[in-house]
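[1] Quick check, what structure comes out for this input:
(chains A and B)
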Number of protein chains: 2
Amino acid sequence: MALADYEQLARNPANHSALTPLAFLKRSAYIYGNKLAVIDSDVTLTYRAFDARCRRFASALAKRGVKAGDTVAIICRNTHEMLEARYAVPMLGAVLNPINTRLDGAGIAFILGHGEASWLVADHAFGDTVGQALEQMDRPPKLVVIDSHAQATGRLEGERFETLVDHGDADFDWEKPDDEWAALTLLYTSGTTGDPKGVVYHHRGAYLAAMCNAMAFNMTAESVYLWTLPMFHCDGWGYVWAVTAAGATHVCLEAIDSRLIHERMEAHGVTHLCGAPIVLNTLLADFAERDLSLTVTADFALGGAAPPAAVISRARQIGFAVTHLYGLTETYGPSALCVWQPEWADLDIKALAARMARQGVANFAIDDFAVLRVEDGTAAPFDGETVGEICIRGNTVMAGYLKNQAKTDAAFADGWFHSGDLAVTHADGYIEIKDRAKDIIISGGENISSLEIEDVLYGHEAVAEAAVVARPDDQWGEVPCAFITLRTGPTVAEADIIAFCRDRMAHFKAPKQVIFGALPKTATGKIRKNVLREQTLKAMNNPDVMRSKAKINEKG
Amino acid sequence: MALADYEQLARNPANHSALTPLAFLKRSAYIYGNKLAVIDSDVTLTYRAFDARCRRFASALAKRGVKAGDTVAIICRNTHEMLEARYAVPMLGAVLNPINTRLDGAGIAFILGHGEASWLVADHAFGDTVGQALEQMDRPPKLVVIDSHAQATGRLEGERFETLVDHGDADFDWEKPDDEWAALTLLYTSGTTGDPKGVVYHHRGAYLAAMCNAMAFNMTAESVYLWTLPMFHCDGWGYVWAVTAAGATHVCLEAIDSRLIHERMEAHGVTHLCGAPIVLNTLLADFAERDLSLTVTADFALGGAAPPAAVISRARQIGFAVTHLYGLTETYGPSALCVWQPEWADLDIKALAARMARQGVANFAIDDFAVLRVEDGTAAPFDGETVGEICIRGNTVMAGYLKNQAKTDAAFADGWFHSGDLAVTHADGYIEIKDRAKDIIISGGENISSLEIEDVLYGHEAVAEAAVVARPDDQWGEVPCAFITLRTGPTVAEADIIAFCRDRMAHFKAPKQVIFGALPKTATGKIRKNVLREQTLKAMNNPDVMRSKAKINEKG
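    As a prediction, this is how the structure comes out:
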């Protein structure tokens, strides 16, 4: 019995070290020193130069007192300074807190205060909101101002980023954290209600997420990645690290603008990009409008919402290889992906798009990606019908919510991370979301998926965007109410839309009311259904209707 | 200061689990259930069937008392049973000990005894040597016999493999190890002198090695991997796990036979294979001889020895994308790879082959792959001249040698793993081996690399294989002695070979003696230079000449 002999072989500095995504930069700077790491308009950095700038930035922060466990916040567009901060701050063992650039002053102030940031690196493009935030704070963080590229929106007083970096040492000798569980990133969820929660990532998880996403997306040193996804969003779904791991090239993008995207794709031979369906949709619409002859051969990873069939279909025609990803801030971005199956090639486009719109199966570092019945936590059968909650286990699940043990405990109840998304598992094991737990509509005791109605609405040629929420109803409890933004063109009446839906789905599922106009969105572009629900309540002057999660699965 | 708050977020079952390559099988069985996992002549297994057989095998072993920390040995060709054992045994927390199939009875007996194997799974193709081994042992392991495919070479008494698997439960519910540092594989190095050492791999290292090698080799679910490399050799350089991680297909190969390899490549559309240069060389020679019209588009990873320029050149002409890997059993196989640089495309074939034959740069999970001066352990300058020892640090370095603390400590002296290989670092950071520490020839106080002479010898059209060792010499201390196997064709004289060398290198480096004949090899195909050295000693009748490692760097 050799067990004791095996156990005697110990970890030592030669055979064990912390997993950290910083190792990818060290390796790529060594191997790909002369290769382009970052293209940001007129600024281009080889891996050697990129690494040197990160070290200088880290060294300068260290000289100013930043140390392990400190929080350093940043509010910045997808520029080279943002990428540099990702690596420089963790080189000190400090935690980077990238802030959503669309937040208002109060939102920024809350995050800076809650995360206890000692420094804030701010792009002067956000001078107005950052200025408002700092004014509201008793103990504001010290400020570093990035003034490259962008139009300043307000005057910020602080050391210039380039001056700071100039003061740093390019040979700065950073060390890996002692413990790979050490905090790396702090990200506040754009909760639609209540105070944002601070999701904490660690070095181990980010390392594994990078490897997984590089593998899932077949990235190599020849890949060119366009930053259509905000880097503040889940470490850019891990690609902040994965692109560097592969020795590929980061192409920065200061704004989501179709012409700019098309220009960069052509100029730099972009092979990979990520974004929400709305980004791809806008891109496709713009390409079509300008009659661009496209020769795209890029992989587009879609996430944040299920892509409508029409979007998948158009994207494929143009040459995008589309993969639908599913994840949350709490899972380092993609926890699941809709892995392609060869037999799908034989499906017609409608059936194919339906398959490709599923959330799919576990990403590499996820142990379990499962639908569990809400009532007892057992696995839902693979019948495509039984609704339960998507629950997740694996090494790319967050450490927890900062200073919020109650919500951390709730999220990790029963040894699973609870996503709050309601889904079914199909016979092939692929998971499909039916709704957010709070978005399901319960009408006459029947569950109605708001997503199902939205999918039908997107099939109407006049509909640009659609969202469906529950409206309280004396007779049915709740009924579906649709909010629609129309494309430019001939107008459509409420009755037309309702009739269109009734022709395509069970009548009880069709919306009972249609309201036209622009849709309110969160800073990450998600439609704020809670605001729409308030609108239905205000319209009815009946604010006391309560909805409880317990009702959801009466018919589950 | 948020450090304490960050540190409060704890590991829990939802966000932390042991890294283990077993997770890849679970995931691929879920996602690629109907896809071919294993092709072994007439046996084909989908991922679902492969997973079920592994579980059954594990379950049956559990019923027979195998438990965590036990050693289970296996001696088997590259067949589906071998692959199944890789997964089934660790499912119990037990350690698989794959034994080199070319060992003799005494060698097998030593390993079984030292590793304390409680069970041995033996392919009856090795009945003769296994039978001899068991006869020598006081407490032989219990035996499971694989009788598929092969010609039995001796009668082995034990339970049939298929009977055992039939008794197992396909739903067997294995668990990950509690600790990812738990032992996974026990591999005895084919040391050319002294008792073999038992290298121990753990789950964490194998997981990372698999991810790294899948990334380095761009493996996807469409990849088809041919098993030209023995699976008993460093877990098949990690591909035992990497192929499964990618959801690719394992194509088994029961023997290294050019015709068989060509047949399998054509039949199954092989995209990836690995092996020593001699395997590729034999393959190319055979292809040329039979005038096969080749349409190869496969990645060939070469390791075990630096590939001669002629081999690289011919392989590229035929369509193999060749990558030279470097590693040891102690580093889970490839710790370095000769990463392609775009500017190499402009080099002439000779210069290109010289670049491609270098050992290269660190693989993904290796932190440091460096040449350290033997005298003081400092880094050798990047000058292409200063010789030092290749030293390695990273998470894909072994846990240690089983029951051999002295050799473990020696291997890990000063916080580095010491490879015993002497090398230089070029200006571009790429490392090139000059010799094994014990193979360097010291003549008149000058170091002569045996590899350098061999490289010249391989350039002679009549030379099929060559090896150069030191022969004691009264005047010079040592002089180079060449052993050569000639191709079929016109004969060549010793003087011709010596003249050929003197025309191409410093005269003091040219061999002083040439001996023709077959070269003795280890079970893994490495030329046994210690045997050749003994031959030179015997020839001189002077067995007392001693060589010490201390001499090596007199001029270093």
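[2] Contact residues of the stretch 1-150 of chain A facing chain B?
    A:1-17, A:19, A:23-24, A:26-27, A:30-31, A:33, A:68-71, A:95, A:115-116, A:118 (CB under 8 Å from any CB of the partner chain). Glycine gets a C-beta too; all of them are placed from N, C-alpha and C.
[3] Around chain B, pick out the residues from the stretch 201-350 of chain A.
    A:205, A:208, A:211, A:214-215, A:218, A:220-221, A:245-246, A:339.
[4] repeat that with 10 Å
    A:202, A:204-205, A:207-208, A:211-212, A:214-216, A:218-222, A:242, A:245-247, A:330-331, A:337, A:339-343 (CB under 10 Å from any CB of the partner chain).
[5] What about the residues of the stretch 1-150 of chain A next to chain B, which are in strands?
    Using DSSP state E, A:71, A:95, A:118 are the members of these that sit in strands.
[6] what's the burial count for the first one?
    I take that to be residue A:71. For residue A:71, the count of nearby residues is 29 (other CB atoms under 10 Å in any protein chain shown).
[7] Pull the contacting residues for it.
    By CB atoms under 10 Å, 6 or more residues apart in numbering or on different chains, the contact set of residue A:71 is A:89, A:94-97, A:111-112, A:114-120, A:141, A:183, A:186, A:198, A:402, B:1-3, B:5-6.
[8] what bridges to it?
    Per DSSP bridges, the residues bridged to residue A:71 are residue A:95, residue A:117.
[9] so what's it scoring on pLDDT?
    We have a pLDDT of 98 for residue A:71.
[10] measure it to residue A:243 for me?
    25 Å (CB to CB, to the nearest Å).
[11] for the last one, same thing?
    When distances are taken as CB to CB, residue A:118 and residue A:243 turn out to be 29 Å apart.
[12] Next one: residue A:516 from chain B, what distance?
    Residue A:516 is 42 Å from chain B, where distance means CB to the nearest CB, to the nearest Å.
[13] partner residues bridging that residue?
    Bridge pairing for residue A:516 - DSSP bridges - gives residue A:484.
[14] now the strands for the stretch 251-400 of chain A?
    Per DSSP state E, counting those that start in this stretch, the stretch 251-400 of chain A carries strands over the ranges A:272-275, A:299-302, A:321-328, A:333-337, A:361-362, A:366-372, A:388-394, A:400-401.
[15] May I see the ones you listed organised as a markdown table, with mean pLDDT and mean neighbour count added?
    Shown next, in a markdown table, are the strands of the stretch 251-400 of chain A (pLDDT from 0 to 100; neighbours: other CB atoms under 10 Å in any protein chain shown):
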| stretch | mean pLDDT | mean neighbour count |
| --- | --- | --- |
| strand A:272-275 | 92 | 26 |
| strand A:299-302 | 85 | 24 |
| strand A:321-328 | 91 | 23 |
| strand A:333-337 | 95 | 27 |
| strand A:361-362 | 97 | 23 |
| strand A:366-372 | 97 | 22 |
| strand A:388-394 | 97 | 24 |
| strand A:400-401 | 97 | 25 |
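[16] Throw those into JSON lines and include distance to residue B:56, thanks.
    As requested, these are exported to JSON lines (distance: least, CB to CB, whole Å):
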{"stretch": "strand A:272-275", "distance to residue B:56": "41"}
{"stretch": "strand A:299-302", "distance to residue B:56": "38"}
{"stretch": "strand A:321-328", "distance to residue B:56": "33"}
{"stretch": "strand A:333-337", "distance to residue B:56": "29"}
{"stretch": "strand A:361-362", "distance to residue B:56": "24"}
{"stretch": "strand A:366-372", "distance to residue B:56": "22"}
{"stretch": "strand A:388-394", "distance to residue B:56": "25"}
{"stretch": "strand A:400-401", "distance to residue B:56": "39"}
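[17] Show me the shaky parts of the stretch 401-550 of chain A.
    Residue ranges of the stretch 401-550 of chain A with pLDDT under 70: A:445, A:523-524, A:539-550.
[18] residue of it with the smallest distance to chain B?
    At 3.9 Å from chain B, residue A:415 is the closest residue in the stretch 401-550 of chain A, using CB to the nearest CB.
[19] Apart from its neighbours in sequence, what residue is nearest residue A:13?
    Leaving aside its sequence neighbours, residue A:13 sits nearest to residue B:415 (CB to CB, 6 or more residues apart in numbering or on different chains; 3.9 Å).
[20] can you give me the helices in the stretch 151-300 of chain A?
    Assigned by DSSP state H, counting those that start in this stretch, the stretch 151-300 of chain A shows helices spanning A:161-166, A:203-216, A:234-237, A:239-246, A:258-268, A:277-289.
[21] now the last one against strand A:321-328, angle please.
    Relative orientation of helix A:277-289 with respect to strand A:321-328: 150 degrees, computed using axes from the mean of the first three to the mean of the last three CA atoms, to 10 degrees.
[22] helices and strands around the helix ranked longest in chain A, which ones?
    Criterion DSSP state H: the longest helix present in chain A is helix A:47-63. The contact analysis (3 or more CB pairs under 10 Å, 6 or more residues apart in numbering or on different chains; DSSP states H and E) places helix A:47-63 against helix A:22-31, strand A:36-40, strand A:43-46, helix A:80-91, strand A:117-123, strand A:142-146, helix A:161-166, helix A:239-246.
[23] and among those, the most buried is which?
    helix A:239-246 (a mean of 28; mean count of other CB atoms under 10 Å in any protein chain shown).
[24] How is chain A partitioned into domains?
    With automatic domain parsing as the criterion, the domains of chain A are listed as A:22-207, A:276-436, A:441-551.
[25] Relative to residue B:265, which of the ones you listed is closest?
    Residue B:265 lies closest to domain A:276-436 among the domains of chain A, at 21.0 Å (CB to CB).
[26] Now find how far off-centre the closest one is within its chain.
    Distance, stretch centre to chain centre, for domain A:276-436: 12 Å (CA atoms, centre = their mean, to the nearest Å).
[27] same check, this time on stretch A:176-189
    18 Å.
[28] Is chain B within reach of it?
    Yes - with CB under 10 Å from any CB as the measure, stretch A:176-189 is seen reaching chain B through A:176, A:179-184, A:186.
[29] of all those, which two lie farthest apart?
    By the measure CB to CB, A:176 and A:186 form the most distant pair in the residues of stretch A:176-189 next to chain B, at 19.5 Å.
[30] quick one: which of the two has more around it?
    Legend: neighbour count by other CB under 10 Å for residue A:176 and residue A:186, higher for residue A:186 (26 against 19).
[31] so the residue nearest to residue A:13 makes contact with residue B:370?
    No - using CB atoms under 10 Å as the test, residue B:415 is too far from residue B:370 to be in contact (12.0 Å).
[32] contacting residues for residue A:74?
    A:81-82, A:84-86, A:89, A:96-99, A:101, A:117, A:119-123, A:144, A:146, A:231-232.
[33] other SSEs contacting the host helix or strand of residue A:434?
    Per DSSP states H and E, residue A:434 falls inside strand A:431-436. For strand A:431-436, the packing partners by 3+ CB pairs under 10 Å, 6+ apart come out as strand A:321-328, strand A:366-372, strand A:388-394, strand A:417-425, strand A:446-448, helix A:450-458.
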